[in-house]
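> just coords:
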């Protein structure tokens, strides 16, 4: 039996969102879908002073932007 590997690639077609994100801004598309279905999204946001990062819960599409971009430090789990 021969296994065939497959790879898929995608990116957000909204250029503004893609340029403010990392990894093609697919997270923003998936998060928007979950929120539109009355779900919530957990992700990592930087603190206002940029000294630490923490997991937060987002339940509004306007807050997705807080979760965009890479964070290169350990995130605080808090109450998540």
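It's in. If you're wondering where the values come from, they're calculated on a predicted model, not measured in any experiment.

> distance check, the residue most central in space within the chain against residue 12.
Nearest to the geometric centre of the chain sits residue 27, at 4.2 Å (C-alpha atoms, centre = their mean). From residue 27 across to residue 12, the span is 9 Å (C-beta to C-beta, to the nearest Å). C-betas here are computed from N, CA, C, even on glycine.

> what do these two both touch?
residue 21 (C-beta atoms under 8 Å, 6 or more residues apart in numbering).

> what residues of stretch 24-42 count as buried?
The neighbour-count check on stretch 24-42 (16 or more other C-beta atoms under 10 Å) flags 25, 27-29, 31, 35, 41 as buried.

> could you do stretch 3-23 as well?
Buried residues in stretch 3-23 (16+ other C-beta under 10 Å): 12, 17-18, 21.

> in CSV: these, plus secondary structure and pLDDT.
Compiled in CSV, the buried residues of stretch 3-23 are given as follows (DSSP: H, G, I helix; E, B strand; the rest coil; pLDDT from 0 to 100):
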residue, secondary structure, pLDDT
12, coil, 91
17, helix, 89
18, helix, 89
21, coil, 86
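
> reformat these as JSON lines; add distance to residue 58.
Formatted as JSON lines, these follow (distance: C-beta to C-beta, whole Å):
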{"residue": "12", "distance to residue 58": "17"}
{"residue": "17", "distance to residue 58": "15"}
{"residue": "18", "distance to residue 58": "19"}
{"residue": "21", "distance to residue 58": "15"}
